[in-house]
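Undergrad: here you go, sequence then predicted model.
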Amino acid sequence: MLVRPLAQHSKTTLRKAWKHAVLPLHRKKNQLMAPKKKVSALIKLQIEAGKANPAPPLGPALGSHGVNIMDFCKAYNAQTQDKMGQIIPVEITVYEDRSFDFILKTPPAAALLKKAAGVQKGADNPLTTKVGSVTKDQVREIAETKMADLSARDIEAAMKIIEGTARSMGITVTD
């Protein structure tokens, strides 16, 4: 079957043909792109950096979706070895063919505030009990770290979010 170049078709023929045309693959810079994989699950976990192992809670969470747990542990530990001691949240996307991708997030604001204030845990009753304090400069530094994951437009809005987290933990913010 011979196909005429587009320039030789009339406009009405092109309009009719375009409505019914279905391309199986997308074209980008004259290359065919592979079809997208179907997502089977999205798993969100908080794991200590460099210490992922197949033991619970990581093993059962990944094993129930058929992911090779050791492959994930090796990849996660390799990417987080420079952040040892911090808790790093991770979003794991599991596909139907049992392959996976993961995205590392910034440490939780509560963990960063506890580290800055030098406390083990937040207050049991934050309205009456204050367990520590942080300065505005420390809050700004934490807000700059968390800016990528927060839904704030600027650093001042991010600082307000971090200050609210500090208040709910019983940590006071000083100038």
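TA: Noted; the coordinates are in hand. Residues are numbered from 1 along each chain as shown.
Undergrad: and the helix ranked longest in the chain, what does it pack onto?
TA: Taking DSSP state H as the criterion, the chain has its longest helix at helix 155-169. Here helix 155-169 touches helix 109-117, helix 136-146, strand 171-174, going by 3 or more Cβ pairs under 8 Å, 6 or more residues apart in numbering; DSSP states H and E. The C-beta positions use only the backbone N, C-alpha and C, and glycine is treated the same way.
Undergrad: next, format the ones you listed as TSV and append mean pLDDT, mean neighbour count and distance to D124.
TA: Formatted as TSV, those follow (pLDDT from 0 to 100; neighbours: other Cβ atoms under 10 Å; distance: least, Cβ to Cβ, whole Å):
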stretch	mean pLDDT	mean neighbour count	distance to D124
helix 109-117	96	20	14
helix 136-146	97	18	23
strand 171-174	96	16	13
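Undergrad: could I get the ones you listed as a markdown table with distance to E96?
TA: Below are the helices and strands packed on helix 155-169 laid out as a markdown table (distance: least, Cβ to Cβ, whole Å):
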| stretch | distance to E96 |
| --- | --- |
| helix 109-117 | 34 |
| helix 136-146 | 33 |
| strand 171-174 | 44 |
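Undergrad: contacts for the longest helix of the chain?
TA: 109-110, 113-114, 117, 122-123, 126, 131, 134, 136, 139-140, 142-144, 146-147, 150, 152, 172-173 (Cβ atoms under 8 Å, 6 or more residues apart in numbering).
Undergrad: quick one: closest of the helices and strands packed on helix 155-169 to L58.
TA: helix 109-117 (18.0 Å; Cβ to Cβ).
Undergrad: give me the contacts around that closest one.
TA: 86-87, 120-122, 131-134, 138, 141-142, 145-146, 161-162, 165-166, 169, 171.
Undergrad: can I have the buried ones of the residues you listed as a ChimeraX selection?
TA: In ChimeraX, this line selects whichever of the contacts of helix 109-117 come out buried by 16 or more other Cβ atoms under 10 Å:
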select :86,122,131,132,134,138,141,142,145,146,161,162,165,166,169,171
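Undergrad: domains in the chain, by residue range?
TA: Per automatic domain parsing, the structural domains of the chain span 39-104, 109-174.
Undergrad: sweet, I'm off.
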